[in-house]
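1. Return atomic coordinates for the entry below.
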Amino acid sequence: MDEQNQNLPPSAPPVAPGAPPPVATPLEPQPPGGPAQMADLTTLTIWMIVCVIVTYGFSIISQAISLSRFVVPQILEMGAKPAPVHVGFQFFGSAGACIAAPASIAAAVLWFIWLYKSAKNLTFLPEGGYPYSAGLTFGLMFVPLFNIYWLWRVLTQEADALLRARAARSMHPGNLPRVRPLMIGYLIGIVVAFVVAIGMMVMLLSTAISQAIRAGEAMNPEEFIPGFMTYGLIFGAVMFIVNTAVTICQYLSIWYITVAMRDIKQSG
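-> Numbering: from 1, shown residues only. Purely as a prediction, here's the structure:
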């Protein structure tokens, strides 16, 4: 009995005298998973950010050419005729618009791929913590208006899950603690954009009505085009600044989450 018991692992019960030796039970196969199975999204994220930068760059150039040709002459009361623009600038503006459109589409496609794969990556973390499936994460992003909140929810929850995973591995949190403040700034920017848009519409309507009443006749668009153009220029500048800030908050958060996933994958 002593020899049989010596060959057993410490956790196994002792063998009674005269009993046959126990048969080893094969271990059940473990389901595949673990951080090593996570997809590295670094290259995808870099291409996505490049497409966003290209979109913004050429959009700015095209808008600047349009402002210099149409808006500025109206503000300076130079008449409704567009100011002449060098043919080279016209070509560059048209080419910029042609490049910005596919770049914007590519950025959107890469963003949805990243969204699905990032949520899928978190299912390989043994610590868990991310409460949504990849399909739900992807699908709810197509719900109008709700997707504004959903983007904030998804990125903050992913950052929190990665923070727990890094803490379990005694890894430095890196830039993950910055994701939640960045996404709060994203929400604030969205609210500001809505307020500015509503205020702009109210200002334009009140200006048109007041000028029509003051003239005592039907509204003549040529009389208040400069005012409309001025408001439009201010509105466009404010919305561009707000939209840029919102985009920076979003893609910085995406980059921080991508880097954290890559580090956890490499740590095994």
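2. alpha carbons only for contacts and neighbour counts from here, please
-> Will do.
3. tell me which element L125 falls in.
-> Assigned by DSSP states H and E, L125 belongs to no helix or strand.
4. Give me the phi and psi angles of it.
-> Main-chain dihedrals, L125, degrees, to the nearest 10: phi -80, psi 120.
5. Got the confidence number for it?
-> Listed pLDDT for L125 reads 85.
6. G129 now?
-> 77.
7. Name the nearest residue to it, sequence neighbours excluded.
-> The shortest distance from G129 to any residue other than its chain neighbours is 5.1 Å, reached at A161 (C-alpha to C-alpha, 6 or more residues apart in numbering).
8. following the one helix or strand that neighbour maps to, which helix or strand shows up next?
-> According to DSSP H and E, A161 maps onto helix 146-168. Sequence order places helix 179-215 as the next helix or strand after helix 146-168, per DSSP H and E.
9. what packs against that next one?
-> Packing partners of helix 179-215 (3 or more C-alpha pairs under 8 Å, 6 or more residues apart in numbering; DSSP states H and E): helix 146-168, helix 221-267.
10. Quickly, which of those helices bottoms out on average pLDDT?
-> helix 221-267 (a mean of 80).
11. Could you list every helix and strand that that one packs against?
-> Helix 221-267 packs on helix 42-66, helix 72-75, helix 146-168, helix 179-215, going by 3+ C-alpha pairs under 8 Å, 6+ apart.
12. shaky segments in the stretch 51-200 of the chain?
-> 61-97 (pLDDT under 70).
13. Swap in 90 and give it another go.
-> Where the stretch 51-200 of the chain drops to pLDDT under 90, the residues are 54-104, 123-131, 145, 165-174, 192-200.
14. can I get the helices and strands packed on helix 179-215 in CSV with distance to L125 and mean neighbour count?
-> Converted to CSV, these look like this (distance: least, C-alpha to C-alpha, whole Å; neighbours: other C-alpha atoms under 10 Å):
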stretch, distance to L125, mean neighbour count
helix 146-168, 7, 18
helix 221-267, 9, 17
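15. F124: which of the ones you listed is closest?
-> helix 221-267 (9.7 Å; C-alpha to C-alpha).
16. Phi first, then psi, for R169.
-> phi -100, psi 10.
17. returning to what we had before: specify the stretch among the helices and strands packed on helix 179-215 that is closest to I49.
-> helix 221-267 (7.2 Å).
18. tell me the angle the closest one makes with helix 179-215.
-> 180 degrees (axes from the mean of the first three to the mean of the last three C-alpha atoms, to 10 degrees).
19. Report the angle between helix 221-267 and helix 42-66.
-> Using the same axes, to 10 degrees: helix 221-267 against helix 42-66 is 170 degrees.
20. if we can go back for a sec, state the distance from the residue nearest to G129 to S118.
-> 11 Å (C-alpha to C-alpha, to the nearest Å).
21. got it, and F146?
-> 20 Å.
22. how close does the residue nearest to G129 sit to L145?
-> Distance from A161 to L145, by C-alpha to C-alpha: 25 Å.
23. do the same with V242
-> Counting by C-alpha to C-alpha, the gap from V242 to L145 is 18 Å.
24. swap in Q266?
-> Distance of Q266 to L145, given as C-alpha to C-alpha: 37 Å.
25. for I190, same thing?
-> I190 is 11 Å from L145, by C-alpha to C-alpha.
26. which one of the two has more residues nearby?
-> Neighbour count, other C-alpha atoms under 10 Å: between I190 and L145, I190 has more, with 17 against 9.
27. who's in contact with the more buried one?
-> 242, 246 (C-alpha atoms under 8 Å, 6 or more residues apart in numbering).
28. Dump the helices and strands packed on helix 221-267 into TSV; add distance to S133 as well.
-> As requested, the helices and strands packed on helix 221-267 are exported to TSV (distance: least, C-alpha to C-alpha, whole Å):
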stretch	distance to S133
helix 42-66	21
helix 72-75	51
helix 146-168	11
helix 179-215	20
